Every structure is written in structure tokens, then in C-alpha cells.
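Trainee: Sequence first, predicted coordinates after that:
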Amino acid sequence: MSAPLRDFQPSALEGVSKHVPALLEAYQLTRKAAQVGFDWEKPEDVLVKLDEEVGEVRKELAAGETGRVEEELGDLLFVVVNLARKLKVDPEVALRRANRKFVERFRRIESELARQGKRPEDSTLEEMDALWERAKQK
């Protein structure tokens, strides 16, 4: 019985720790794969793949395949990280900025609702969405 090929030849993916956050692991995996030529030529090619992955999430949702949705969401996130790498954007930094922006806008919603004597849970999605749009303008 022959041993698997990887026992004789180290993988290009060697050195990527499984003990780092998944976002960083995905970034490192895609970077290492790109170093050996496994990469899209241009960011637009990654966007095509991103559209494909969104379509797969939609398909599984429509089919009611909740177990498969997790897998497809993972694929979608992986492609987004790959796009970030391709665009020379640190995905961790980008996500942290997006998180801060979300918190700031959501707090503006809460503040405006409080000014009206309301809480988010007492408001409709439409009311909060309108306030969100106003917060985006600031």
C-alpha cells in the first residue's frame, strides 16, 4: 500500500496555524496558495466567484437545506477573504472598521428613538431602517 503523496512532499499550505481566528487562517491559506500560482488573475474574477457563492447560498435557502447553508456561507466568507487579499486589504482591519461603523450607526438609531421616547424593540423595522439611512448620511 503506498503512502499519500503529501507524506513525501510538503504542502504549500504548511505553516498555516489552525489555532488563529478563522478569518486570519483563510487569509493565510489563500496567500500561500497564491504564492504557488493558485489564484485568480484579477479581482473581477474573484467577484464572479463571489456571485456564484451568493447564488449557492440562495439555492440552499430556497431548498430549505439549513445544514448546507452553513457550508455555503463558509465558502462565501472564504471568497470574500480571498477578494480582500487580492485587493491588498487586510480583512481583519476591514471587518473591524465595518463593525465600528455598524455600532456607531446603530447607536444613532437608539439615540434618535430614545429622543422620541421609544426603544428599538418598540419600533418597526421600517422606522429603524429609515433612521439607519439617515445615520449613513452623517
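Mentor: Nice, thanks for sending it over.

Trainee: quick one, longest helix in the chain?
Mentor: helix 91-115 (DSSP state H).

Trainee: Can you give the distance from it to the centre of its chain?
Mentor: Its chain's average C-alpha position is 17 Å from that of helix 91-115, according to C-alpha atoms, centre = their mean, to the nearest Å.

Trainee: Identify the residues contacting that helix?
Mentor: Helix 91-115 is contacted by residues 21, 23-24, 26-27, 80-81, 84-85, 119-120, 122-123, 127-128, 131-132, 134-136, 138 when judged by C-beta atoms under 8 Å, 6 or more residues apart in numbering. Quick note: C-beta positions are derived from backbone N, CA and C, even for glycine.

Trainee: looking at this structure, which helix or strand does the model trust least?
Mentor: Sorting the helices and strands of the chain by mean pLDDT, DSSP states H and E puts helix 22-35 at the bottom, at a mean of 92.

Trainee: and the angle for it with helix 91-115?
Mentor: Interaxial angle of helix 22-35 relative to helix 91-115 (axes from the mean of the first three to the mean of the last three C-alpha atoms, to 10 degrees): 150 degrees.

Trainee: Outside of helix 22-35 itself, list whatever touches it.
Mentor: Contact partners of helix 22-35, identified using C-beta under 8 Å, 6+ apart, comprise 12-13, 15-18, 20, 39, 77-78, 81-82, 84-85, 90-92, 95.

Trainee: The most centrally placed residue in the chain is in what secondary structure piece?
Mentor: In the chain, the C-alpha nearest the mean C-alpha coordinate belongs to residue 77, at 3.8 Å (C-alpha atoms, centre = their mean). If you go by DSSP states H and E, residue 77 is part of helix 66-86.
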